[in-house]
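Q: Next one to model:
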Amino acid sequence: MTHQSDTDEQLLRELGKRVRDERIRRKITQAQLATSASISPATLSRLENTGDSSLNTLIRVLRSLRRLDVLDEFLTAPEVSPVQALRSGQLAPDTQRLRVGRPRKTTANAGAEPATTFVWGDEQPPGQPTTSGDT
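A: Numbering: from 1, shown residues only. Model prediction:
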């Protein structure tokens, strides 16, 4: 069952209802559970009726009900990143990485000789006779 579209208040009420249902299923009074969780009966009542409580209170109640397992999915260790795997030796360091990239843009004249050779004002282009008399 997904609760993605529920409001925060709806989720909190559902959480409180489930705490109450678990307490009743185990045939425990509010006073007994409050004492076991080291919280006041009023705090437990507020949790069960509105879901309003601190995270600390919720954990205490779940621990007293022996239901911390409901947090397992959320608290499971994340997957190891590739960098962490490499550092810990789980990934062979000789594995070659494949790089993905876009092909380079080519121009029509790439690699071609320029149409004219640049010449300083006092020089002659290659293959042309000099006009001054200094040969």
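
Q: all contacts plus neighbour counts: C-alpha atoms, from now on.
A: Fine.

Q: Quick check: the gap between Arg26 and Arg66.
A: 11 Å (Cα to Cα, to the nearest Å).

Q: Tell me which helix or strand the nearest residue to Gly16 once chain neighbours are set aside sits in.
A: Excluding the flanking residues, the one nearest Gly16 by Cα to Cα, 6 or more residues apart in numbering is Glu48, at 3.9 Å. Glu48 is part of helix 41-50, with elements assigned from DSSP states H and E.

Q: Give the other helices and strands that that helix contacts.
A: The helices and strands touching helix 41-50, judged by 3 or more Cα pairs under 8 Å, 6 or more residues apart in numbering; DSSP states H and E, are helix 8-25, helix 30-37.

Q: And the contacts of that helix?
A: 9, 12-13, 15-20, 30-31, 34-35, 52-53 (Cα atoms under 8 Å, 6 or more residues apart in numbering).

Q: Quick check: ChimeraX command selecting the buried ones in these.
A: Applying 16 or more other Cα atoms under 10 Å to these, the buried members can be selected in ChimeraX as follows:
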select :12,13,15,16,17,19,20,30,34,52,53
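
Q: list the buried ones in stretch 22-31?
A: Going by neighbour count (16+ other Cα under 10 Å), the buried part of stretch 22-31 is 23, 30.

Q: So what would you say the end-to-end distance of that stretch is?
A: 15 Å.
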